[in-house]
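In: Below: sequence and its predicted model.
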Amino acid sequence: MNQPRPLKIYNSLSGKKEIFTPITPGYVGMYVCGPTVYSDVHLGNCRTFTSFDVIYRYLLHLGYKVRYVRNITDVGHLTDDGEDRMAKGAKVAQLEPMEVAQRYTVGFRDMMRIFNTLPPSIEPIATGHIPEQIAMVQQILDNGLGYESNGSVYFNVPKFAEQYKDVYGSVSGRILDDLYNETRELKSQEEKRHPADFAIWMKARPEDLMIWESPWSTGFPGWHLECSAMSTKYLGKNFDIHGGGNDLKFPHHENEVAQNHGACGCHPANYWLHTNMLLLNSKKMSKSDGNTITPEQLFTGDSPFVSKSYSPMALRFFMLQAHYRSTLDITDDALLAAEKGYRKVMETNKLLQNMPITAVSSSTETDTDRAILACIESAFEGMDDDFNTAIAIASVNDLGTYIHKLANQQLDGSEISPWVLERAKAAINDLIINVFGLTDDTASGGDDKAINGLMDLVLQLRANARTNKDWGTSDQIRDALNAAGIVVKDGKEGSTWSIGA
RNA sequence: GGUUUCUUGGCCGAGCGGUUAGGCACAGGUCUGCAAAACCUGCUACAGCAGUUCGAAUCUGCUAGAAACCUCCA
């Protein structure tokens, strides 16, 4: 632990930022609601899981030992017409439900890798935890908070609200009385005693494909339940952080909390974090109404919404420029700007890492030293303040200015103390690579021996031409490289190159 | 209809009562054989109205517009 610095986290339960205090010092249990794998991941998922990836990474950076659990839901998610999402997907594609789940689970994991998110510590699958879910239904029944109706089991929300004052509604701010009239008519409505009640076990109809035996009927678990059962199994009855998209607050998280109370008698998580939506055309991205763009379309540029292709890392940077609790609107202009900003940050870091550290150590701290240290401090303060990546990036940019000045010799090398430069190298690299999770997708100089050798030769030939004032040859080389997507940058110390538009 | 949230300069986007956020774009300059890159300078905004305060983008109220949830969604 290198963590005396207090971390502030916005808790949806209180509606304000709170100092984060883990249940067990040094350890963090974090559960994030994962995807329902019935079709391809969409970008909104990517933003949510990228946000939690940065949160996970920052907790690791702070020295916490984190158990990060993110589920895969492959059953129990009903559509409007009461059909299971998996089964519906299976029927459409004439596949086994598990084939559907498998295909999209693999696709999801691939996409997470493309966005360079770290895999969770545990990625439990709903259908792999049917016994745990059945046991939880039984516990809820034993505690008198559920009732069986025609083979299905429902959670008794009014009774729960009476027994646990001020719990139902604590996540979403919903008021139970309002729910009486609001809940819309569903097929199984008549089996419920109260409109706000929700199924924790559903009796199967003849056409249902994904079914299991239970004490009540052959059927399947309700949505919500898998998260309660699996978070309890892997993180305990009470753990530190529970996360998910904003749109899961109600009913999913509200019901999850109710189930945990109903089964275990206590609140599952101390801190509830909700990420905000990714917008397209100023509206929430949504598959159902077609207002959507897939990650692949962004990577290829094949969409009416964008003018060109964008790399996964440019997208990741784009997301990081906004705070996770703010909505973020996708526009071509914004992506263009983010892409340039991303390249700049990566170039700056490369410049910094390659900067030689002079042996001479000045005894006094210079103004530049202080300014650079202030940038570093401000970057981490930003992260400490509810994971404010926007502020952290701004601070990195501020620091970058000094690095460039130093590289251009607009600032004398003696202006920065060796230990400060060393600190900057470590801190900025840690921030950009380990915390932001950005990789250099331009694959420019440094990695490939063959390309580097080739480029050294080409640039040497060009340097010779320039020495001879053979501008024709010099420019021919530069233009040809440019056409090949390689940018040559002439500096005082010679020329460097990088790949990128 | 109910609940909640949002409205920041050409664009994106921080901000949580008193500071230049930052990026992109644009204009001028330095450097350069010319460019590019980098650096410097400029552009300095908070939907509207009223109020609280020595002081408000930040707090309160009203008005206008937008969004999310209430129904599957990250």
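Out: Arrived safely.
In: make it CA atoms for all contacts and neighbour counts henceforth
Out: Fine.
In: What's the local residue count around A:Asn156?
Out: The burial count assigned to A:Asn156 is 25, neighbours taken as other C-alpha atoms under 10 Å.
In: So in terms of bridging, what pairs with the residue of chain A found nearest RNA strand B?
Out: When C-alpha to the nearest atom of the strand is the measure, chain A has its nearest residue to RNA strand B at A:Gly245, with 2.2 Å between them. A:Gly245 forms beta bridges with A:Thr275, as assigned by DSSP bridges.
In: residues in contact with it?
Out: Going by C-alpha atoms under 8 Å, 6 or more residues apart in numbering, A:Gly245 touches A:33, A:48, A:274-277.
In: what about the helices in the stretch 351-500 of chain A?
Out: Taking DSSP state H, counting those that start in this stretch, the helices of the stretch 351-500 of chain A run over residues A:367-384, A:389-407, A:418-429, A:449-467, A:471-483.
In: Reformat those helices as CSV; add distance to RNA strand B, mean neighbour count and mean pLDDT.
Out: Compiled in CSV, those are given as follows (distance: least, C-alpha to the nearest atom of the strand, whole Å; neighbours: other C-alpha atoms under 10 Å; pLDDT from 0 to 100):
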stretch, distance to RNA strand B, mean neighbour count, mean pLDDT
helix A:367-384, 8, 19, 94
helix A:389-407, 4, 20, 94
helix A:418-429, 14, 18, 95
helix A:449-467, 6, 14, 89
helix A:471-483, 5, 15, 92
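In: Identify whichever of the ones you listed lies nearest to A:Val75.
Out: Between A:Val75 and these, the tightest spacing by C-alpha to C-alpha is seen for helix A:389-407, at 34.8 Å.
In: And that closest one, what does it pack against?
Out: helix A:332-353, helix A:367-384 (3 or more C-alpha pairs under 8 Å, 6 or more residues apart in numbering; DSSP states H and E).
In: other SSEs contacting the longest one?
Out: It refers to helix A:332-353. The contact analysis (3+ C-alpha pairs under 8 Å, 6+ apart) places helix A:332-353 against helix A:312-320, helix A:389-407, helix A:418-429.
In: dump the residue contacts of the spatially most central residue of chain A.
Out: Nearest to the geometric centre of chain A sits A:Thr50, at 1.9 Å (C-alpha atoms, centre = their mean). Residues near A:Thr50 by C-alpha under 8 Å, 6+ apart: A:115, A:117, A:316.
In: how close does it get to A:Ala101?
Out: Applying C-alpha to C-alpha, to the nearest Å, the value for A:Thr50 to A:Ala101 is 22 Å.
In: Next, format the helices and strands packed on helix A:389-407 as a markdown table and append distance to A:Glu415.
Out: Output for the helices and strands packed on helix A:389-407, formatted as a markdown table (distance: least, C-alpha to C-alpha, whole Å):
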| stretch | distance to A:Glu415 |
| --- | --- |
| helix A:332-353 | 15 |
| helix A:367-384 | 6 |
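In: Please name whichever of these is nearest to A:Tyr27.
Out: helix A:367-384 (17.0 Å).
In: which residue sits closest to A:Asn10, ignoring its sequence neighbours?
Out: Wrong residue type there; residue A:10 is Tyr, not Asn. A:Lys17 (3.9 Å; C-alpha to C-alpha, 6 or more residues apart in numbering).
In: does the one you found really touch A:Tyr271, like I thought?
Out: No: contact criterion C-alpha atoms under 8 Å: A:Lys17 and A:Tyr271 do not qualify, at 10.1 Å.
In: of the two, who's got more company?
Out: Using other C-alpha under 10 Å as the criterion, A:Lys17 and A:Tyr271 rank with A:Tyr271 on top: 22 against 14.
In: Now that one. Its backbone dihedrals?
Out: phi -120, psi 130 (degrees, to the nearest 10).
In: beta partners of it?
Out: A:Ile241.
In: Could you pull up the contacting residues of it?
Out: A:9-13, A:240-242.
In: Neighbour-wise, which one of those residues leads?
Out: A:His242 (23 neighbours).
In: how near is that one to A:Gln297?
Out: Note on A:His242: its distance to A:Gln297, by C-alpha to C-alpha, is 31 Å.
In: Export the contacts of A:Gly245 to TSV and append columns for neighbour count, pLDDT and distance to RNA strand B.
Out: What follows is the contacts of A:Gly245, written out as TSV (neighbours: other C-alpha atoms under 10 Å; pLDDT from 0 to 100; distance: C-alpha to the nearest atom of the strand, whole Å):
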residue	neighbour count	pLDDT	distance to RNA strand B
A:Cys33	23	96	6
A:Thr48	24	96	5
A:His274	23	96	7
A:Thr275	21	96	6
A:Asn276	21	95	6
A:Met277	23	94	4
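In: What are the boundaries of the strands in the stretch 151-300 of chain A?
Out: A:152-155, A:198-203, A:219-221, A:239-245, A:269-275, A:278-280, A:283-284 (DSSP state E, counting those that start in this stretch).
In: Now tell me which of those the model trusts least on average.
Out: Sorting these by mean pLDDT places strand A:283-284 lowest, at a mean of 88.
In: partners of that one in the sheet?
Out: By DSSP bridges, strand A:283-284 pairs with strand A:278-280 (antiparallel).
In: distance between the strand it pairs with and the chain's centre?
Out: 15 Å (C-alpha atoms, centre = their mean, to the nearest Å).
In: Residues contacting that strand, please?
Out: Residues contacting strand A:278-280 (C-alpha under 8 Å, 6+ apart): A:43-44, A:47, A:284-285, A:291-292, A:327-331.
In: do the same with stretch A:297-311
Out: Outside stretch A:297-311, the residues that reach it (C-alpha under 8 Å, 6+ apart) are A:293, A:312, A:331-332, A:335, A:339, A:441.
In: what mean pLDDT does it have?
Out: When pLDDT is averaged along stretch A:297-311, the result is 92.
In: Of all the residues in stretch A:343-358, which ones are buried?
Out: Residues of stretch A:343-358 classed as buried by neighbour count (16 or more other C-alpha atoms under 10 Å): A:343, A:345-353, A:357.
In: okay, these in JSON lines with distance to A:Met111 and pLDDT next?
Out: Converted to JSON lines, those look like this (distance: C-alpha to C-alpha, whole Å; pLDDT from 0 to 100):
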{"residue": "A:Arg343", "distance to A:Met111": "22", "pLDDT": "92"}
{"residue": "A:Val345", "distance to A:Met111": "23", "pLDDT": "95"}
{"residue": "A:Met346", "distance to A:Met111": "22", "pLDDT": "93"}
{"residue": "A:Glu347", "distance to A:Met111": "25", "pLDDT": "90"}
{"residue": "A:Thr348", "distance to A:Met111": "27", "pLDDT": "92"}
{"residue": "A:Asn349", "distance to A:Met111": "26", "pLDDT": "94"}
{"residue": "A:Lys350", "distance to A:Met111": "26", "pLDDT": "90"}
{"residue": "A:Leu351", "distance to A:Met111": "30", "pLDDT": "91"}
{"residue": "A:Leu352", "distance to A:Met111": "30", "pLDDT": "94"}
{"residue": "A:Gln353", "distance to A:Met111": "29", "pLDDT": "93"}
{"residue": "A:Ile357", "distance to A:Met111": "39", "pLDDT": "83"}
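In: This completes my enquiry, with thanks.
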